[in-house]
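S.K.: structure of the sequence below:
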Amino acid sequence: MNSNLAKNIFRKRLIIEGLFQKEIKSEDFVDSFLRRLSQELEMTIIAGPFISSATGKSVPLHDGFEGTLVWAESGVSTYVWTNSNFATVDIYSCKQFDTKQAIDFVIKEFDMKNFSYHEIPDPLTYQEDNRVEILTTDEKGSGVFAKDFIPAETQISYVDGQIHFAEKESQVFIYAADHAVPFHKYFYRNGFNTNAVKLNHSCEPNCYVKDLFFVTTLRDIHPGEELTYCYSLFCNSDWKNPEGVCLCGSQQCLGKILPWRDLPSEFKKKYIDYTADWILFDEMKKNGYIKKLTEDI
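M.R.: Numbers count the residues shown, from 1 in each chain. Below is the predicted model of the structure:
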């Protein structure tokens with residue numbers, strides 16, 4: 001489960017793979033590529049490049065070259081399969097660098113005709129609302145609080161981590177250091193860099209999860225007020241809170257953090273507009289509403 005266990009340490013990993021057209025005949029290409037990439041990204045080489053060749057060894061499929069060098073800012077490795085004209089470049093850095101610049105450079109150097117890439121953490125173009133802060137209280141521990149007035153229907157944060165599959169929600173939380181947010185019966189997303197999963201549960205929430213991943217205020221929030229959402233409005237599996245009871249302390253506390261299916265009918269009706277779309281869709285299918293919609297169409 002992908003969680004940010006060291007928020008005080010910046011790190012970024014970019015893996016670029018592609019089918020190349022460049023004719024690569026020797027270790028010299030890998031050596032030159034790694035040095036030029038370091039210069040392009042303004043990284044400081046402290047050891048390497050260290051290059052090795054797999055050509056002529058026991059597994060012909062692996063014929064090619066691999067190289068690694070160490071930066072003061074971490075390092076980079078590349079793996080070249082010359083028989084398949086395929087290469088992987090793996091960059092890990094504790095210094096920020098431009099993802100597009102790195103990708104463009106790799107494509108040009110290898111003359112790649114097809115490529116793919118994966119960045120960790122997932123790139124976040126959405127900007128969190130800066131009117132919130134993480135504070136610690138004696139009653140609940142850490143939570144998210146408003147520094148200034150925040151109007152209703154404001155998107156304050158976004159769940160930004162990797163997506164995981166699990167047949168039961170409890171399987172996800174065995175490995176989750178933070179709260180994972182389900183957006184399908186079997187799929188979950190865990191936060192990495194954002195405040196989205198730092199909100200505490202409340203049976204009388206002032207926020208909800210909108211459009212899969214956006215934490216949104218459902219009413220006006222005043223300075224000093226804690227931002228909360230109701231886990232029950234986006235969870236419908238077998239997970240149970242470790243304490244066994246709900247500690248939200250709200251006027252309408254249900255006593256336990258329940259899956260959506262076990263919520264009282266009046267509670268469901270009150271918060272129907274703030275319930276996860278995937279839960280409502282499953283409920284509509286179960287009750288035959290999709291068939292009726294099909295007939296109406």
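
S.K.: element containing residue 268, please.
M.R.: Using DSSP states H and E, residue 268 sits in helix 265-270.

S.K.: ignore what I typed, I meant residue 38.
M.R.: Residue 38 belongs to helix 27-40 when assigned by DSSP H and E.

S.K.: got the angle for the helix or strand just after that helix vs helix 27-40?
M.R.: Per DSSP H and E, the first helix or strand lying C-terminal to helix 27-40 is strand 45-53. Relative orientation of strand 45-53 versus helix 27-40 (axes from the mean of the first three to the mean of the last three CA atoms, to 10 degrees): 150 degrees.

S.K.: hmm, residue 10 is touching residue 97, no?
M.R.: No: the pair residue 10 and residue 97 fails to qualify as a contact (CB atoms under 8 Å) at a distance of 11.0 Å. In short, each C-beta sits where N, CA and C put it, glycine included.

S.K.: ok, residue 41 - contacts?
M.R.: Shown in contact with residue 41 (CB atoms under 8 Å, 6 or more residues apart in numbering): 91, 93, 97-98, 101-102, 105.

S.K.: same thing but 7 Å
M.R.: Residue 41 makes contacts with 97, 102, as judged by CB atoms under 7 Å, 6 or more residues apart in numbering.

S.K.: phi first, then psi, for it.
M.R.: When quoted as degrees, to the nearest 10, the phi and psi of residue 41 stand at phi -90, psi 0.

S.K.: looking at the chain, which helix or strand is least sure?
M.R.: Of the helices and strands making up the chain, the lowest-confidence element is helix 169-173, at a mean of 61, by mean pLDDT, DSSP states H and E.

S.K.: check which element follows it along the chain.
M.R.: Taking DSSP H and E, what comes next after helix 169-173 is strand 180-182.

S.K.: after that following strand comes which helix or strand?
M.R.: Downstream of strand 180-182, the next assigned helix or strand under DSSP H and E is strand 187-190.

S.K.: which elements pack onto that following strand?
M.R.: Applying 3 or more CB pairs under 7 Å, 6 or more residues apart in numbering; DSSP states H and E, one finds that strand 187-190 contacts strand 163-165, strand 180-182.

S.K.: repeat that for 8 Å
M.R.: Applying 3 or more CB pairs under 8 Å, 6 or more residues apart in numbering; DSSP states H and E, one finds that strand 187-190 makes contact with strand 163-165, helix 169-173, strand 180-182.

S.K.: sheet partners, orientation included, of it?
M.R.: Here strand 187-190 has these sheet partners by DSSP bridges: strand 163-165 (antiparallel), strand 180-182 (antiparallel).

S.K.: pick the most buried one from these.
M.R.: strand 180-182 (a mean of 25; mean count of other CB atoms under 10 Å).

S.K.: and residue 269, how far is that from residue 262?
M.R.: Remark: distance between residue 269 and residue 262 (CB to CB, to the nearest Å) = 15 Å.

S.K.: just to revisit the earlier point, how about the helix holding residue 268 as PDB, C-alpha atoms only?
M.R.: As requested, the backbone C-alpha atoms of helix 265-270 are provided in PDB (Å, rounded to 0.1, in the frame of the first residue of the first chain):
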ATOM      1  CA  SER A 265     -32.700   4.700   6.400                       C
ATOM      2  CA  GLU A 266     -33.100   8.200   7.700                       C
ATOM      3  CA  PHE A 267     -29.400   8.700   7.700                       C
ATOM      4  CA  LYS A 268     -29.100   7.400   4.100                       C
ATOM      5  CA  LYS A 269     -31.900   9.800   3.000                       C
ATOM      6  CA  LYS A 270     -30.300  12.800   4.700                       C
END
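
S.K.: and that helix, which residues are buried?
M.R.: Judged by neighbour count (16 or more other CB atoms under 10 Å), helix 265-270 contains these buried residues: 267-268.

S.K.: give me the contacts around it.
M.R.: For helix 265-270, the external contacting residues (CB under 8 Å, 6+ apart) are 203, 232, 252, 254, 260, 275.

S.K.: one more: stretch 127-147?
M.R.: Contacts to stretch 127-147, defined as CB under 8 Å, 6+ apart, come from residues 148-150, 154-158, 194-195, 198-200, 221-228, 247, 249.

S.K.: for those residues, which ChimeraX command selects only the ones that are buried?
M.R.: This is the ChimeraX syntax for the buried subset of these, where burial follows 16+ other CB under 10 Å:
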select :150,155,156,157,158,194,195,198,199,200,221,226,227,228
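
S.K.: just the ones of the contacts of stretch 127-147 in strands?
M.R.: Of those, the ones assigned to strands by DSSP state E are 155-158, 200, 226-228.

S.K.: residue 29 reaches residue 35, doesn't it?
M.R.: No: the criterion here is CB under 8 Å, and residue 29 misses it with residue 35 at 11.1 Å.
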